[in-house]
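Q: Here is the input, now give the coordinates:
(one chain, ligands or ions: 1)
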Amino acid sequence: MAVLDVVLYPGEPLLAKASPVQDFGPELAKLAADMIETMHAYEGVGLAAPQVGRSLRMFVLQEPEGEPMCLVNPEILAREGEESAEEGCLSLPRIYFPVARAVSLRVRAQDTAGVSREFEAQGFLARVIQHEFDHLEGRMILDHLDIITRQAVLQEWEVIRKQLAAGVAGKA
Ligand code: NI
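A: A predicted model of the protein is given here:
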């Protein structure tokens, strides 16, 4: 396994709609394992393939106390409720703000072997799934902000990005 480089906003292919996974061979299992290792290395709770430079519809996530999961070609079939809570993103390190998300979801997804299943997700899991699903659509948490707040957050991000590029504060 390997820790992969995480693409920072607005690097490619973060803002593109990702393509369906069609090849369920060992390379996909390897990519999923590398993404899980990368997510853990960066202490993230979710990581989507576009964030490691692969424009594919898959992401990994980690519930507290749970096993890491990999969702391939996920679909959100139903959404219920709404709740706002703070989110961050490994492609926007040190940026955090509240994002409104559905509280419960019905999800269909394949695993890395191509086996499809449907399940319900609530709370934290539902939030991470919606965040990562956004990445597959080329959307970021920034796209949940009004235009004024977005400008302010982007200015903050420019400062952080320069600090990261200069290596001022170590790991992103
Ligand atoms: Ni993210």
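
Q: need the contact list for the residue nearest the centre of the chain.
A: Closest to where the C-alpha atoms of the chain average out (C-alpha atoms, centre = their mean) is residue 132, at 3.3 Å. Applying C-beta atoms under 8 Å, 6 or more residues apart in numbering, we find residue 132 in contact with 46, 47, 48, 59, 61, 71. For glycine as for every other residue, the C-beta is placed from the backbone atoms N, C-alpha and C.

Q: now these as TSV including secondary structure and neighbour count?
A: Supplementary listing: the contacts of residue 132 in TSV, determined by DSSP: H, G, I helix; E, B strand; the rest coil; neighbours: other C-beta atoms under 10 Å:
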residue	secondary structure	neighbour count
46	strand	27
47	strand	31
48	strand	28
59	strand	29
61	strand	25
71	strand	27
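
Q: Please, where are all the helices along the chain?
A: Ranges of helices in the chain, per DSSP state H, are 26-41, 123-136, 147-165.

Q: so of those, which one's packed in deepest?
A: Here the criterion is mean neighbour count by mean count of other C-beta atoms under 10 Å, and of those the winner is helix 123-136, at a mean of 21.

Q: Look at residue 172 and report its pLDDT.
A: Predicted confidence (pLDDT) at residue 172: the value is 46.

Q: Leaving out sequence neighbours, find the closest residue to the residue nearest to the centre of the chain.
A: residue 59 (3.8 Å; C-beta to C-beta, 6 or more residues apart in numbering).

Q: Any idea what the one you found is bridged to?
A: Listed beta-bridge partners, residue 59: residue 48, residue 71 (assigned using DSSP bridges).

Q: so where's the protein uncertain?
A: Low-confidence segments of the chain (pLDDT under 70): 168-172.

Q: mind listing what the closest residue in space to residue 89 that isn't next to it in sequence touches?
A: Once flanking residues are discounted, residue 89 sits nearest to residue 141: 5.4 Å by C-beta to C-beta, 6+ apart. Residue 141 makes contacts with 87, 88, 89, 92, 95, 97, 99, 131, 134, as judged by C-beta under 8 Å, 6+ apart.

Q: now, which of these lie within strands?
A: 87, 97, 99 (DSSP state E).
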